[in-house]
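**Q** sequence? don't have it. structure:
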């Protein structure tokens, strides 16, 4: 997101690591984008925020803080991100031995055979 009027740029990076690598993934993403942030900072106030949602649905505390800074954090968003990560992981797991597959979400956005509690 950016504003030419206020000369501000916000980069938001989503990562879905294994839960054991959430903190490490955030650090790696910050390092990966450091040079780009430095370059953009020459002309705009620039910030890079990372959001980590684990493959089993864990939403990192740092993610909550990043999204709160943007004014979009809510319990509903938390639950949706967690649920979506679980669903995506489940689809990947069930298709792990399929050589050629494509995922076509249903009209409701739900994966067939996957229900949330």
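**A** All right, it came through fine. Every value quoted in this text rests on a predicted model; they were computed, and no experiment measured them. Numbering: from 1, shown residues only.

**Q** low-confidence ranges, this protein, go.
**A** Low-confidence segments of the chain, defined by pLDDT under 70, are located at 103-117.

**Q** which stretches of it form helices?
**A** In order along the chain, the chain carries the following helices (DSSP state H): 22-40, 61-69, 75-94.

**Q** of all these, which one is nearest residue 1?
**A** Among the helices of the chain, the nearest to residue 1 by CB to CB is helix 61-69 (11.5 Å). Where C-beta positions appear, they are placed from N, C-alpha and C, glycine not excepted.

**Q** now that closest one against helix 22-40, angle please.
**A** 40 degrees (axes from the mean of the first three to the mean of the last three CA atoms, to 10 degrees).

**Q** and the spatially closest residue to residue 18 that is not a sequence neighbour, how many neighbours does it have?
**A** With sequence-adjacent residues excluded and distances taken as CB to CB, 6 or more residues apart in numbering, residue 18 is closest to residue 55, at 5.5 Å. By the other CB atoms under 10 Å criterion, the neighbourhood of residue 55 contains 19 residues.

**Q** all set, thanks.
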